[in-house]
Structure formats: structure tokens, C-alpha cells
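**Q** okay, here's the prediction I keep looking at, along with the sequence it came from:
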Amino acid sequence: MAILSLEKIRKVYDKGGNPVVALGGVDLEIGKGEYLAVVGPSGSGKTTLLNIIGCLDAPTEGRLVYADRELRGLGERELSEYRKEHVSFIFQSFNLIPVLTVIENVELPLVIERKLKPTEIRARARELLAAVGLSDKEGRYPRELSGGQEQRVAIARALVKNPIVVLADEPTANLDSHTAEEIVELMRRVNQERNTTFVFSTHDRLVMEHARRIVTLRDGAVTGDERR
């Protein structure tokens, strides 16, 4: 059963008075626990698709349904709750806060939610840092870490609130091949152990090889959907 459904999703941007079609009517269903890679050439609509799923951007036309709830047309408060409670993001640029320590970066989503006590937040953050192999780095700052370690912190931060869906936009783009392999294996393990849904946009052959489903975009349209 699909946890996410995209029906006839179109996204058109206005570039100096000229319409540019980023997505031209995408139909896609994503099941709970999928490990799915969205692939295609630059400009094919991969990042736009992830941004729409994460409600960072709104479609021009079409329906976006999460757990039987229509998301298009919701108010900003409701969309914010969807992003905070159900979806997490992993970016190629890591997006860590430089003035916060490693553990403070991981704690941040829970601090923003304000649902747990500080002691509970610290315990959850330490659990996730242990899961990504960085227990000994909790007091360091991002500038003191390697790129691979920064991405591990970003993954821990994404997982700390137990999201249903993780959206990863080119998560291995800034990593060397050995580190990328470690990161991909880490995310695959999380997918298997927690049944967390992962949706990647990627050019990385390594990510594609580990994916259990590959959706191909070209010129804003789905041109392939391969399950393994």
C-alpha cells in the first residue's frame, strides 16, 4: 500500500515571463519502507520532485497524498507539521549549523519540536550518534570533521525524530568513493532495521546499485520504473 501518491503532478516555473516545465504530469506511488532512487540527467526534475514530496515547494497542478491525506492546498502551519513530524531531509551540502556542536546539531529537530525533556533529547541524540559511529565526536564542531563525518551527522539529525520518509538529495555527491560506500551502507541498514522509506535523487552509480527501485526522469516525465 502506498504511503505517498503523486497524481498528475506538474510544476511550472516562471523564468522572466517564460514558463519552464520542471515536472510535466508525474504519476508515482511510493510504499512504506521503500529504498528508491530517482535518476536522470541534470534538469530532469529530480530535485523538484523531492522538494514537492517534502512540501518545500508546491505543485502547479496535481494531487500529493500522504497516508490518505491530500497535502496540496494545506496551510503553512499544517505543512510545517507534516515536515516536522513525518519527513526528514539529507542534502549534499550537509547543512549543519557551524556554531553548534555535533550533538547539538543532531538534537536540533527535537529542540524545535519541544515535545521531549532535554534529558530525553540528549539521550536520543546520543543513540543516533552511536548508530552512525560518531559517539566520540559529540563535542566537536562541523569544521573539525571530515566530509564523511559531516554527512553522518546529517543522517543522525535526519533520523533523530524517527521520520517515516527520508528525502536525500544527492547525499554522496561531495564524498570520495570509499566514504560514499560507507554512507550508502549506513542508510541501507537504517532502511532495513527501521523500515524507514528512503527516496534519493542521485547521479551516483553506487546509490543506484543498492536501490531496490529506480525511477527514471527525463524532461520532467517518468520514463522508467524498475523494481529489483
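**A** Yep, it's here. Numbers count the residues shown, from 1 in each chain.

**Q** in three-state terms, label the residue nearest to Ile90 when sequence neighbours are not counted for me.
**A** Once flanking residues are discounted, Ile90 sits nearest to Ala168: 4.1 Å by Cβ to Cβ, 6 or more residues apart in numbering. All C-beta atoms are positioned from the backbone trio N, CA, C, and that covers glycine. Recorded secondary structure, Ala168: strand (DSSP: H, G, I helix; E, B strand; the rest coil).

**Q** who's Ala168 bridged to?
**A** Ile90, Phe200 (DSSP bridges).

**Q** same question, Val65
**A** Beta-bridge partners of Val65, counted by DSSP bridges, are Ser5, Glu70.

**Q** ok, how many other residues are close to it?
**A** For Val65, the number of neighbouring residues by other Cβ atoms under 10 Å comes to 16.

**Q** one more: the one 10 residues further on?
**A** Around Gly75 there are 8 other residues, counting by other Cβ under 10 Å.

**Q** mind checking how far it is from Asp176?
**A** Gly75 is 43 Å from Asp176, where distance means Cβ to Cβ, to the nearest Å.

**Q** likewise Leu49?
**A** Distance from Leu49 to Asp176, by Cβ to Cβ: 27 Å.

**Q** repeat for Tyr82
**A** For Tyr82, the distance to Asp176 - Cβ to Cβ - is 35 Å.

**Q** among these two, which residue is more densely surrounded?
**A** Taking other Cβ under 10 Å, Tyr82 and Asp176 do not tie; Tyr82 has more neighbours (18 against 11).

**Q** nearest residue to the more buried one in space, please, no chain neighbours.
**A** Excluding the flanking residues, the one nearest Tyr82 by Cβ to Cβ, 6+ apart is Cys55, at 5.9 Å.

**Q** ditto for Thr179
**A** In this structure, Thr179 finds its nearest non-sequential neighbour in Gly148, 3.5 Å apart by Cβ to Cβ, 6+ apart.

**Q** also Pro59?
**A** In this structure, Pro59 finds its nearest non-sequential neighbour in Ile9, 4.8 Å apart by Cβ to Cβ, 6+ apart.

**Q** for the residue nearest to the spatial centre of the chain, give me its contacts.
**A** In the chain, the residue lying closest to the centroid (Cα atoms, centre = their mean) is Leu167, at 1.6 Å. Neighbouring residues of Leu167 by Cβ atoms under 8 Å, 6 or more residues apart in numbering: Leu50, Ile53, Gly54, Val87, Ser88, Phe89, Ile90, Val199.

**Q** Leu206: which of those is nearest?
**A** Of all the contacts of Leu167, Leu206 sits closest to Ile90, with 15.3 Å by Cβ to Cβ.

**Q** got the contact list for that closest one?
**A** By Cβ under 8 Å, 6+ apart, the residues touching Ile90 are Gln151, Ala154, Ile155, Ala158, Val166, Leu167, Ala168, Asp169, Pro171.

**Q** among these, which one lies nearest to Gly40?
**A** Closest approach to Gly40 among the contacts of Ile90 (Cβ to Cβ): Asp169, at 13.3 Å.

**Q** doesn't Glu85 make contact with Ile112?
**A** No - in this structure Ile112 lies outside contact range of Glu85 using Cβ atoms under 8 Å: 11.3 Å.
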